[in-house]
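In: A predicted structure for the sequence below; I have some questions about it.
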Amino acid sequence: MALVCLTDFEEYAKEHLSKATWDYYAAGADECCTRDDNLLAYKRIRLRPRVLRDVSVSDTRTTVQGTEIGFPVGIAPTAFHCLAWHEGEVATARATEALNTCYITSTYSTCSVEEIVAAAPGGYRWFQLYVYRDRKLSEQIVQRVEALGYKALVLTVDVPYTGKRRNDIRNQFKLPPHLKVKNFDGVFQQETGAPEDYGIPANTLDPSISWKDVYWLQSITRLPIIIKGILTKEDAELAVEHGVQGIIVSNHGGRQLDGGPATIDALSEIVDTVQGRIEIYLDGGIRTGSDVLKALALGAKCVFIGRPAVWGLAYKGEEGVREVLQILNDEFRLSMALSGCRNVAEINRNLIQFSRL
Ligand SMILES: Cc1cc2nc3c(=O)[nH]c(=O)nc-3n(C[C@H](O)[C@H](O)[C@H](O)COP(=O)(O)O)c2cc1C
Ligand SMILES: CCCCCCC(=O)C(=O)O
């Protein structure tokens, strides 16, 4: 039977992946309140559609960091794509190249950045970076992705420690031995029995990371820096003051702090504070084209999907991710037209029924 919406892909993935892999992808932290609220928050928002506006032609294109993409939905960084499909991130990269959108490659990819670029040489990509205690490791990967033509660095700031994901603990989930964090092959070795997250030594990431490390990162790269994991106006203001080029409003898909806000609920205070000085993106809970429309109406320049891309991989690799992206593109185009918007420039706050919020 045809899969017609993203939840169809979710059901397929749940049925076909091993329980431990499914649990890892689905996980939220603790009671999963924030993970679930990311989706529920969209359902609380109502739109104010305009009519009789000649929507016979519609244009979903936009720009991010000055580059045109086909529609305002990219792929958020998620780890371990080879768990879902044997070609892993290579398949994801090919799908995003085909749909002309942005793919943020995770530090914890199971294909190397060199393999990803070779598979989809024309693709538009950003690289997601975690900061390591051993800064040389971070510097080396930054140099590699810069040389490979990645267009921005996405600095993830919400993982000083990994959130408590109960099923992963119950399942003692770890990357199976035939898969590797390919960007650091052989680097993350450790003695048996030492603390680990998913088979990776637990103490590699630096929990002392602070705003001064943004200056350090700027000193080692010419790439634009986008901070992922901002949820408050105070931190958005600091991001602007530290000279970064963008923010991703994100709670890591509800996998880190449980009890934080849904990202769509956090967006407005950040947009009001930033006042257009840098681009603001959002991820978390995007499952339909009207979710995309709502996020853009509230001020996001582009949104990113995490789990739905992995569901697409689990279904049919590259083809599955293409289908997921195509469905979102089609639904977004339809939602735009049904609310009277011919292009993304016409999407604004007037579309949102604030009296209900
Ligand atoms: C399985 C999984 C792995 C993830 N791995 C990373 C990662 O390596 N780096 C990162 O910055 N965010 C990671 N994230 C968070 C995503 O980038 C994104 O914030 C989140 O998935 C968005 O929510 P959604 O899944 O509801 O679309 C991961 C999320 C999931 C579900
Ligand atoms: C050692 C930390 C592993 C993190 C794995 C990727 C990730 O961010 C996730 O949410 O899962």
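Out: Nice, thanks for sending it over. Numbers count the residues shown, from 1 in each chain. Ligands and ions are numbered 1, 2, ... in the order given.
In: which residues does residue 296 contact?
Out: Shown in contact with residue 296 (C-beta atoms under 8 Å, 6 or more residues apart in numbering): 72, 303, 344, 347. All C-beta atoms are positioned from the backbone trio N, CA, C, and that covers glycine.
In: again with residue 174
Out: Taking C-beta under 8 Å, 6+ apart as the test, what residue 174 contacts is 196, 198-199.
In: ok, 7 Å please
Out: 198-199 (C-beta atoms under 7 Å, 6 or more residues apart in numbering).
In: ok, residue 312 next?
Out: 9, 320-321, 323-324.
In: which of these has the most neighbours?
Out: Ranked by the number of neighbours (other C-beta atoms under 10 Å), those place residue 321 first, at 33 neighbours.
In: I'd guess it is in a helix, am I close?
Out: Yes. Assessed with DSSP: H, G, I helix; E, B strand; the rest coil, residue 321 lies in a helix.
In: pLDDT score assigned to it?
Out: Turning to residue 321, the model gives it a pLDDT of 99.
In: ok, back up a step: right, and the pair among the contacts of residue 312 with maximum separation?
Out: Taking C-beta to C-beta, the two most distant members of the contacts of residue 312 are 9 and 321; they sit 9.6 Å apart.
In: show me the strands in the stretch 1-150 of the chain, by range?
Out: 62-64, 67-69, 73-75, 102-105, 124-129 (DSSP state E, counting those that start in this stretch).
In: could the ones you listed go into CSV alongside mean pLDDT, mean neighbour count and distance to ligand 1?
Out: Putting the strands of the stretch 1-150 of the chain into CSV (pLDDT from 0 to 100; neighbours: other C-beta atoms under 10 Å; distance: least, C-beta to the nearest ligand atom, whole Å) gives the following:
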stretch, mean pLDDT, mean neighbour count, distance to ligand 1
strand 62-64, 98, 18, 16
strand 67-69, 98, 14, 17
strand 73-75, 99, 27, 9
strand 102-105, 99, 26, 7
strand 124-129, 98, 24, 5
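In: how about the residues of the stretch 151-300 of the chain near ligand 2?
Out: 159, 162, 197-198, 200, 252, 255 (C-beta under 6 Å from any ligand atom).
In: need the contact list for the residue in the stretch 151-300 of the chain that ligand 2 sits nearest to.
Out: Here the stretch 151-300 of the chain gets closest to ligand 2 at one residue, residue 197, 3.8 Å apart by C-beta to the nearest ligand atom. Going by C-beta under 7 Å, 6+ apart, residue 197 touches residue 162.
In: quick revisit: ok, the contacts of residue 312 vs residue 151, which is closest?
Out: Of all the contacts of residue 312, residue 321 has the smallest distance to residue 151: 19.8 Å, by C-beta to C-beta.
In: which ones are touching the closest one?
Out: Residue 321 neighbours (C-beta under 7 Å, 6+ apart): 91-92, 95, 309, 312-313.
In: please flag which of those sit within helices.
Out: 91-92, 95, 309, 312-313 (DSSP state H).
In: out of the residues you listed, which two sit at the greatest distance?
Out: Most distant of those, by C-beta to C-beta, are 91 and 309, 10.0 Å apart.
In: circling back to that earlier point, from the residues of the stretch 151-300 of the chain next to ligand 2, which shows the smallest pLDDT?
Out: Within these, pLDDT is lowest for residue 200, at 80.
In: elements contacting the helix or strand of the chain with the lowest mean pLDDT?
Out: Lowest on mean pLDDT, DSSP states H and E among the helices and strands of the chain sits strand 200-201, with a mean of 78. Applying 3 or more C-beta pairs under 7 Å, 6 or more residues apart in numbering; DSSP states H and E, one finds that strand 200-201 contacts no other helix or strand.
In: next SSE after it?
Out: Proceeding N to C from strand 200-201, the next assigned helix or strand is helix 212-220, under DSSP states H and E.
In: what's the angle from that following helix to strand 124-129?
Out: 130 degrees (axes from the mean of the first three to the mean of the last three C-alpha atoms, to 10 degrees).
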